[in-house]
Structures are given as structure tokens and as C-alpha cells.
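**Q** 3D model of this:
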Amino acid sequence: MSQSPIIRLHSNDNVVVARTELESGVYLESEGAISAKTIPPGHKIATAKIVKGQPVLKYDQIIGFAACDIAKGDHVHEHNLDFAEFDRDHAFGAGRQDAILVPESERRQFQGFRRANGQAATRNYIGVMCTVNCSATVVRKIADHFRGDALADYGVRWFRCLLRYFCQPGSGRRGGFTGSAWWYRVFG
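**A** Sure, this is the predicted structure:
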């Protein structure tokens, strides 16, 4: 099923927004309208006749008034939109509706922890590091073994990445190799 070429932001709106450029004559099935001319992406299309002086609604809010009669399917933009003073009801949250929550048993889980500073964190990286150059092949083979979904066999979920770190030449070096600063910062 293809994505609709328009976005309806609120059921009370008398305009919709073009997702992509709409050529003249495109039938907008959900609105029963035909684009009267080419409509640029992000621009508005009238979904009903809007009589001169009538409010244009987007997000169920008045964004202007028709400067002339606007036919269903017409491009609505600065050329046919006026701005005027009008009384506003600032009843904040009057149209608010309670959110429909996903049942607890169907909610996604976050397997993380809280740091001392209160930030959330995850431990969904596994690092395999060689401490001496002669173990680099073993580290590579371990990392290669766990590619893809291999960790699922061990009950590991939410796994993002297996990191391999290899030391630079010099068996027995004490730090200083590429990546060692990162390891000392994380594990040190």
C-alpha cells in the first residue's frame, strides 16, 4: 500500500498538506478532491470550498482567512490567504483527550539502568579486546562468532553491537595504543 500524498493534521481542518509535489489533476481519494494545479511539498490544499472571509483551519486552528473564494482542490497559500484580527478563546487544553495507552503486557521494555547522576544508560555493547598482539586472531574469531542474531541463542536481547579492539604492535604494551584511552575512560 502506498503512502498518501497528503497529510491531514486534524479532522476539523479545511486544508491538508502535500507530502510531495502534487501535479495538477491528482485525485486525493481520502478528501474526494482533485488538485487544481501543481502544489509544492509542504503547501496546503483546500478540502472544501472556503468562501471569502471564512477561516482557514490547520491543526484545528485559524491560520488566516480566505482572501477570495477558494475552490476544493485549490492551492492555499499567501496569494489567497489574508490575516485579520479575531477573538480568540485561549482555553488551553480544552480539546485535550486522554491518550490511549498500550496495555502493560504489550509495552516495550527498556533493559537499562540509572547512573549516579540520574541519567538512563544501557549496557547493550559487548567489547572483546586483546591485551597483547598475539591474541588478536582469537578476539577476531570470538567477535565473528557472535555476528547477527547469534547472541539470541544465549538469551541476550536488545544487543546493539559487538566491539573488537586490537592493540597496536608491541606485545605487553602498557596502554597508549589506539583506543586505550576510550577503554580506560569506560572501564577504568
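**Q** send me the longest helix along the chain as PDB with only the CA atoms.
**A** With DSSP state H setting the assignment, residue counts place helix 136-145 as the longest helix in the chain. Taking C-alpha atoms only, helix 136-145 is exported to PDB below (Å, rounded to 0.1, in the frame of the first residue of the first chain):
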ATOM      1  CA  ALA A 136      44.200 -10.500  18.000                       C
ATOM      2  CA  THR A 137      43.200 -13.600  15.900                       C
ATOM      3  CA  VAL A 138      41.300 -15.100  18.900                       C
ATOM      4  CA  VAL A 139      39.500 -11.800  19.500                       C
ATOM      5  CA  ARG A 140      38.500 -11.600  15.800                       C
ATOM      6  CA  LYS A 141      37.200 -15.100  15.900                       C
ATOM      7  CA  ILE A 142      35.200 -14.500  19.000                       C
ATOM      8  CA  ALA A 143      33.600 -11.400  17.500                       C
ATOM      9  CA  ASP A 144      32.900 -13.100  14.200                       C
ATOM     10  CA  HIS A 145      31.200 -16.000  16.100                       C
END
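**Q** what comes up buried for stretch 113-131?
**A** Of the residues in stretch 113-131, 126-130 count as buried by neighbour count, 16 or more other CB atoms under 10 Å. From N, CA and C alone the C-beta is placed, and that goes for glycine too.
**Q** swap in stretch 84-94?
**A** For stretch 84-94, burial by neighbour count (16+ other CB under 10 Å) applies to no residue.
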